[in-house]
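Undergrad: 3D, please:
(one chain, ligands or ions: 1)
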Amino acid sequence: MFNKNTENFSELLLFPQKVLLYRCKGFGEIKKELIEYCYSLKNKSTSKNLTLNNGWQSDPNSHTQKRFEPFLNFLNDNIETCLKLYQLKPKGFYVDTCVINIGGENSYHNSHIHPNTDISGVFWITIPNNSGEFVFENPSNFGQNNLLNMLDKKESENKKMYHSYHINPIEGNILLFPSNLRHSVNLNRNKKDRITIGFNVTFV
Ligand SMILES: [Fe+2]
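TA: Modelled structure (predicted):
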């Protein structure tokens, strides 16, 4: 038994998974036009059905469309700031995937990862109330199942040692995370559409 009156132990928090939330600059100026663009794309193409159920997803190369250029510039500017805040220092970077998601009532995203890329993110464009929390899964969820169950509640909260972690999306924010960090989006319980852009970034 450790003697609680002495500090005869130390602990390290190893291998944390860093995610970043960032409020984009200039969202108000592009919001209306971007929403119109998303619906115009939806109206002329069928869903690619990548991770979204009961909704519509664009081609993963939607950022290469000429009409998307101003929105890509907007994303690039904000992603650049996010990378600095994350304290990443690549020589350069480029967005290699951009998927527009439009999900109405009862839509949800399956659990998935983003392979073959360096860092990923989601840009929340319209987020009605109760339209689905973003959920990260602990990569050690399975292997440490019992350990996580037995952990003191306060210690779990202090160290964020959970099986999963839920984030409430906020319009105009970007969420940046390691591409291999498994995630999903809960059911949209609102009649209104939830519009987001999922993207991948590769470093050069
Ligand atoms: Fe994703």
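
Undergrad: all contacts plus neighbour counts: C-alpha atoms, from now on.
TA: Noted.

Undergrad: longest strand in this protein, by residue count?
TA: Counting by DSSP state E, the longest strand found in the chain is strand 93-112.

Undergrad: now what about whichever helix or strand comes after that strand, what contacts it?
TA: Note on strand 93-112: by DSSP states H and E, the next helix or strand toward the C-terminus is strand 119-126. Residues outside strand 119-126 that contact it (C-alpha atoms under 8 Å, 6 or more residues apart in numbering): 31, 35, 114, 169-179, 193-202.

Undergrad: redo that, cut-off 7 Å
TA: Residues from elsewhere that reach strand 119-126, judged by C-alpha atoms under 7 Å, 6 or more residues apart in numbering: 169-179, 194-202.

Undergrad: can you check stretch 17-24 too?
TA: 78, 82, 86, 172-177.

Undergrad: which among those end up buried?
TA: The neighbour count (16 or more other C-alpha atoms under 10 Å) marks 78, 82, 172-177 as buried among the contacts of stretch 17-24.

Undergrad: just to revisit the earlier point, just the C-alpha atoms of the longest strand of the chain, please, in PDB.
TA: What follows is strand 93-112, C-alpha atoms only, in PDB (Å, rounded to 0.1, in the frame of the first residue of the first chain):
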ATOM      1  CA  PHE A  93       0.000  21.500 -46.300                       C
ATOM      2  CA  TYR A  94      -2.800  20.900 -48.700                       C
ATOM      3  CA  VAL A  95      -6.400  19.900 -48.300                       C
ATOM      4  CA  ASP A  96      -6.700  16.500 -50.100                       C
ATOM      5  CA  THR A  97     -10.300  15.600 -49.300                       C
ATOM      6  CA  CYS A  98     -13.400  17.700 -48.800                       C
ATOM      7  CA  VAL A  99     -16.800  16.000 -48.300                       C
ATOM      8  CA  ILE A 100     -19.900  18.100 -47.900                       C
ATOM      9  CA  ASN A 101     -22.500  16.400 -45.700                       C
ATOM     10  CA  ILE A 102     -26.200  17.300 -45.600                       C
ATOM     11  CA  GLY A 103     -28.200  15.200 -43.100                       C
ATOM     12  CA  GLY A 104     -31.800  15.700 -42.200                       C
ATOM     13  CA  GLU A 105     -33.800  14.100 -39.500                       C
ATOM     14  CA  ASN A 106     -32.600  10.600 -38.500                       C
ATOM     15  CA  SER A 107     -29.300  10.900 -40.300                       C
ATOM     16  CA  TYR A 108     -26.100   9.900 -38.600                       C
ATOM     17  CA  HIS A 109     -22.400   9.100 -39.300                       C
ATOM     18  CA  ASN A 110     -21.100   5.600 -38.800                       C
ATOM     19  CA  SER A 111     -18.000   5.100 -36.700                       C
ATOM     20  CA  HIS A 112     -14.900   5.500 -39.000                       C
END
